[in-house]
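K.L.:
sequence isn't available, so here's the structure alone:
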């Protein structure tokens, strides 16, 4: 650590001195908040990220080793947490979008209108059956299928992530699609 006052504060902080934590908090909070806000684009989320980082910082104080400066450590920690938040938000958004797409596909397939309440139930049942059919896939097959269809990964990316061959990925996706077609055949027939 280069800054002597930060080094002193950090040593006091590591020994459990709450006043040192408060001084570090007051010194860095505003800058860390703006740093997080710049990354996540949301004031409330940025505040939560900084608060969470200080809480984790305090809870793991005895095991923390800082090789650079206290400032660099705190900013890097907030940066990483902010990026993790964005990644997590994107995964949730993808999943929600996928669910919306499923519902929209079911709605258009069954030509749902306000007058056709029964069609709504059928669409809901169809969506549930799709989820159930996916859950019934063998674990490896289901994981590969989800990475392909829900996460949008290419076969090569899936193979690299799971450390398997591209042929295995293709085979597992093919098995998944065949299984889903069989499980969902009654929903794939056009309505009379």
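P.N.:
Everything's here; your move. It should be emphasised that the depicted structure is a prediction, and the values quoted were computed from it without experimental measurement.
K.L.:
for this protein, what's the longest helix?
P.N.:
The longest helix of the chain (DSSP state H) is helix 70-109.
K.L.:
what packs against it?
P.N.:
When contacts are defined as 3 or more CB pairs under 8 Å, 6 or more residues apart in numbering; DSSP states H and E, helix 70-109 sits against helix 4-14, helix 18-40, helix 43-59, helix 117-135. Backbone N, C-alpha and C define where each C-beta goes, glycine included.
K.L.:
so for the shortest one, what gets flagged as buried?
P.N.:
In other words, helix 4-14. Using 16 or more other CB atoms under 10 Å as the test for burial, helix 4-14 gives 6, 9, 10, 12, 13.
K.L.:
doesn't residue 74 make contact with the second one?
P.N.:
Yep, that's residue 9 we're talking about. No: using CB atoms under 8 Å as the test, residue 9 is too far from residue 74 to be in contact (11.6 Å).
K.L.:
for residue 150, give me phi and psi.
P.N.:
phi -90, psi -40 (degrees, to the nearest 10).
K.L.:
give the burial count for the closest residue in space to it that isn't next to it in sequence, as a bare number.
P.N.:
Using CB to CB, 6 or more residues apart in numbering and skipping residues adjacent in sequence, the residue nearest residue 150 is residue 98, 5.4 Å away. Neighbourhood size, residue 98 [other CB atoms under 10 Å]: 15.
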